[in-house]
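**Student:** Could you work out the structure for the sequence below:
(one chain, ligands or ions: 1)
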Amino acid sequence: MGKHAVRILFDSDPVWPQKCVICMGEASQNIAIIYERKVFNTPYCENCYPKVIRRSNLEGNLALISVFITVPAVIIFLIVGAVRNPDILVKGSTCGVVLLGSLLLLSSIFILGKLCLFVYFHFSGDRTLSPGVKITKTKHPATVELVFSNPQYAQRFSDANGLN
Ligand SMILES: [Zn+2]
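**Tutor:** Predicted coordinates for the structure are as follows:
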């Protein structure tokens, strides 16, 4: 188990201490973090909340932008390829190559975008925040692990749910 990780039963309904998961300030709002269709209502203070929302919006837009660049690029590639060499479209291997190429292009754009965002955040003083908690799988299918960035919150969470 990680340092600030807390293991809970997937079906349980954990108590979230009403403190901000990032800074332990008074929580004023929740953000629903969805993991495998289960909603985890995570509390944030009024200071951290907008920064987390902004970050997740930017990352959501980045994913969309990557798709919007990849799809036309792949279509153009297919059209150009088909005009030059009509045979490639009937070959089974083309499908695999196109699929692999699309995935590579998509992930490259996404990673490049992430890098741009990182550089932007670093130099612009735009303080967006990641959610402060990550939900991860464990080897046991009935449990999940909540990994908190703030060890104090991890402790409070464990105490509130009688886990230690
Ligand atoms: Zn906060």
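
**Student:** Please list the residues of the chain that sit near the ion.
**Tutor:** Proximity of the chain to the ion is confined to Cys20, Ile22, Cys23, Gly25, Cys45, Cys48 under the rule C-beta under 5 Å from the ion. Quick note: C-beta positions are derived from backbone N, CA and C, even for glycine.

**Student:** Output the lowest mean pLDDT helix or strand found in this structure.
**Tutor:** Taking mean pLDDT, DSSP states H and E as the measure, the chain has helix 92-124 as its least confident helix or strand, at a mean of 87.

**Student:** ok, back up a step: give me the buried subset of the residues of the chain next to the ion.
**Tutor:** Cys20, Ile22, Cys23, Cys45, Cys48 (16 or more other C-beta atoms under 10 Å).

**Student:** can I get the residues you listed in CSV with pLDDT?
**Tutor:** Converted to CSV, these look like this (pLDDT from 0 to 100):
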residue, pLDDT
Cys20, 97
Ile22, 95
Cys23, 95
Cys45, 97
Cys48, 94
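
**Student:** Show only the entries of those found in helices.
**Tutor:** Judged by DSSP state H, the subset of these located in helices is Cys48.

**Student:** hang on, Thr136 in a strand?
**Tutor:** Yes. Secondary structure of Thr136 (DSSP: H, G, I helix; E, B strand; the rest coil): part of a strand.
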